[in-house]
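In: give the three-dimensional model of this entry:
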Amino acid sequence: MKIAIISKGSSIHHLVDPQFKSTDYIGVYDTDTDQCMFKLNEKNMNSVQRAGIQTAQNIVQTRAKVLLTGHCEPKAFYVLHYEEIKVFIGADKTVALAIEDYRRGKLQEAKSADIEGY
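Out: Here you go, the predicted model:
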């Protein structure tokens, strides 16, 4: 299974990015291979409009079934929910620790967006 993680950098030692829509990187952790690859979210880093939706669409393209993030706005949540990607909020450490927290059941599955849209 693939797990997407919103990240401030391109390694598992970087922090999870609390700003979903303008995140710098999307990490993709593969539970089968225990490998994490990072995709630059370049198109959305400085975008003013639709950045959350575009970031969500980038996550859909990774084929992840789960997203680990600090927060998720309404339009992005809708896209992810529609694509049957489970969103787990509250990740506020490094990517590696967010994955570990997910595995241990320490992150909360979101039933809706937890912040207002912009």
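In: all helices for this structure, in order.
Out: 51-61, 74-82, 95-103 (DSSP state H).
In: check those for me and report the most buried one.
Out: helix 51-61 (a mean of 21; mean count of other Cβ atoms under 10 Å). (C-beta placed from N, C-alpha, C; glycine too.)
In: now for it, which elements pack on it?
Out: Helix 51-61 sits against strand 25-30, helix 74-82, with contacts defined as 3 or more Cβ pairs under 8 Å, 6 or more residues apart in numbering; DSSP states H and E.
In: let's see it at 7 Å
Out: For helix 51-61, the packing partners by 3 or more Cβ pairs under 7 Å, 6 or more residues apart in numbering; DSSP states H and E come out as helix 74-82.
In: next, the angle helix 51-61 makes with the helix it packs on.
Out: Here helix 74-82 runs at an angle of 20 degrees relative to helix 51-61 (axes from the mean of the first three to the mean of the last three Cα atoms, to 10 degrees).
In: which residues touch helix 74-82?
Out: Contacts of helix 74-82 with the rest of the structure, by Cβ atoms under 7 Å, 6 or more residues apart in numbering, involve 20-21, 52-53, 55-57, 59-60, 67, 87, 110, 112-113, 117.
In: please report the number of neighbouring residues for A110.
Out: Burial measure for A110: 19 neighbouring residues, criterion other Cβ atoms under 10 Å.
In: backbone torsions only: list them for it.
Out: Main-chain dihedrals, A110, degrees, to the nearest 10: phi -80, psi 140.
In: where's it relative to T62, distance?
Out: A110 sits 18 Å away from T62, going by Cβ to Cβ, to the nearest Å.
In: next one: Y82
Out: In terms of Cβ to Cβ, Y82 sits 16 Å off from T62.
In: the spatially closest residue to K65 that is not a sequence neighbour: neighbour count?
Out: Nearest residue to K65, sequence neighbours excluded (Cβ to Cβ, 6 or more residues apart in numbering): M1, at 5.3 Å. A count of nearby residues for M1, using other Cβ under 10 Å, gives 10.
In: ok, now the one 3 residues further on?
Out: Applying other Cβ under 10 Å, we find 27 residues neighbouring A4.
In: just checking, it touches V28?
Out: Yes - applying Cβ atoms under 7 Å, one finds A4 in contact with V28, separated by 5.7 Å.
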